[in-house]
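K.L.:
dropping the sequence and predicted coords here.
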Amino acid sequence: MNTKSIILAGAIALGFASMASAATQYVYMTGSTAARNAFYLTIIDGTTVFDATPTVIAQGNSDPSKATYHLFHGKIGGADTILKAHWSGSEAGISDIAGSGTQTFLDDTAVTATASPGPFVNSVVDLAAADNDKAYSRNPSAAITGTKVCIIPFIYVKEKGSAAGLVNVTDQNVRQALKGYAVLAQFTGNSADTTFVYVSGRDNGSGTRVNQFGDPGFGIFSSPFMVQIAANGSMIDQTGFGTYLGDYGYSSGGPLATQMGYDLAQATSVDVANGTGVEKFSVIAYLGRSDANTAEANGATDLTCNGVAYSNAAIKEGQYNLWGNEYVYRRNTSTSQATAVYNKLVASTGVSGHADGTLTIKLSDMHCTRNGPTSDPVHN
């Protein structure tokens with residue numbers, strides 16, 4: 001080979017190397033809907049994850065911090081990077097990175113929209129946010145690495161139009177209601193309260209559900225009977241054959257928060273699951289603080305739990321036990337760029353540093369700890 005050929009070959013090789021180094025890198029993330037606000041704020045701040053404020057595409061909600069799908073584009077460590085997120089639920093997120101299955105994400109050509117029109121692509125998942133330790137998940141032996149980053153508060157609320165006397169829930173009557181229903185008198189102590197209380201909640205891809213079932217001792221993998229309610233206050237027949245009670249949970253907290261604003265005092269709102277089908281009924285739901293705020297804005301009402309009112313101070317001191325440990329997980333075989341994103345999220349300046357003290361709580365602010373949703377808080 002002559003000198004000219006050698007120089008040309010070297011130039012071509014350098015060109016290919018330059019193209020390879022400039023190729024866009026992709027990181028895919030799924031998980032918690034209850035804590036996505038903290039992750040969203042962490043990712044967009046322009047200093048924690050990306051080198052500068054990334055461009056953001058959001059679909060699924062008019063508030064981008066509550067969107068179902070995100071596409072963040074910018075540079076991380078100088079490398080052109082697209083981080084795609086599908087907030088599918090904590091259990092679903094752990095399952096995604098524990099196996100070889102794929103999840104749905106926005107295509108690179110997607111644009112911001114209130115709905116979720118796509119276009120979509122499928123990909124294996126690198127990272128997951130979860131409201132529970134993997135030890136309390138359906139994949140406790142998964143080859144994944146996780147770090148606790150903050151605390152995620154939860155609360156029970158009652159749907160608009162529910163009985164006025166329903167002001168408190170206890171572990172005992174929650175366990176009963178999750179079996180299908182409980183008589184209102186169990187909540188109020190008034191023998192005249194003979195109508196029924198039902199539960200609406202999340203599907204089995206949710207970490208909110210893990211905490212909801214673990215806190216009162218119902219069993220995090222137990223099968224519940226829950227209802228969904230239409231805008232006219234009527235129970236939704238899930239099968240077309242008069243089936244109103246079943247494991248009918250929502251895949252996200254947003255639709256559940258919307259439902260909690262549907263008025264059960266309407267003439268069309270009658271109990272068709274029990275009794276003669278003419279009685280009024282009440283519905284309770286367990287939500288992350290962000291979704292609970294939305295539900296309350298729609299007309300729902302906070303409930304006390306075991307006689308203790310929700311407050312961040314009560315959570316920090318271990319008096320109020322409806323809260324979970326928020327984790328970030330990565331595959332043990334993650335790409336270097338996915339690992340870089342993981343390290344940025346779990347750093348003290350990451351998600352924990354963006355916990356706002358209301359929707360999420362910094363670990364350093366807690367005066368108690370708990371191993372998981374089936375254990376009691378222990379004061380430090």
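P.N.:
Everything's here; your move.
K.L.:
any idea how far M366 is from N343?
P.N.:
From N343 over to M366 the distance is 23 Å, taken as C-beta to C-beta, to the nearest Å. Bear in mind the C-beta positions are built from the backbone N, C-alpha and C, glycine included.
K.L.:
same drill for those two, tell me which one is more crowded.
P.N.:
Ranked by neighbour count (other C-beta atoms under 10 Å), N343 and M366 place M366 first, with 20 against 14.
K.L.:
distance-wise, check the more buried one relative to G357.
P.N.:
Distance from M366 to G357, by C-beta to C-beta: 11 Å.
K.L.:
again with Y329
P.N.:
When Y329 is compared with G357 (using C-beta to C-beta), they lie 24 Å apart.
K.L.:
try S364
P.N.:
11 Å.
K.L.:
tell me how far the ends of stretch 314-329 are from each other?
P.N.:
Taking C-alpha to C-alpha, to the nearest Å, stretch 314-329 runs 28 Å from one end to the other.
K.L.:
off-centre distance for that stretch?
P.N.:
15 Å (C-alpha atoms, centre = their mean, to the nearest Å).
K.L.:
quick one: the helices in the chain, in order.
P.N.:
Remark: helices assigned in the chain by DSSP state H are 3-22, 36-44, 90-98, 171-178, 185-188, 207-214, 253-259, 289-297, 312-316, 336-346.
K.L.:
could you list every helix and strand in contact with the fourth one?
P.N.:
Using 3 or more C-beta pairs under 8 Å, 6 or more residues apart in numbering; DSSP states H and E, the elements in contact with helix 171-178 are helix 185-188, strand 196-200.
K.L.:
could you give the angle of it to strand 196-200?
P.N.:
80 degrees (axes from the mean of the first three to the mean of the last three C-alpha atoms, to 10 degrees).
K.L.:
just the buried positions in helix 171-178, please.
P.N.:
173-178 (16 or more other C-beta atoms under 10 Å).
K.L.:
okay, the angle between that helix and helix 207-214?
P.N.:
120 degrees.
K.L.:
convert the C-alpha atoms of helix 171-178 to CSV, please.
P.N.:
Extracted C-alpha coordinates of helix 171-178, given in CSV (Å, rounded to 0.1, in the frame of the first residue of the first chain):
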residue,chain,number,x,y,z
ASP,A,171,-56.2,-1.2,59.3
GLN,A,172,-59.1,-3.6,60.2
ASN,A,173,-61.8,-2.0,58.1
VAL,A,174,-59.4,-1.4,55.1
ARG,A,175,-58.6,-5.1,55.1
GLN,A,176,-62.3,-5.8,55.1
ALA,A,177,-63.1,-3.3,52.4
LEU,A,178,-60.4,-4.7,50.1
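K.L.:
if anything else comes up later, I'll come back, but that's it for now.
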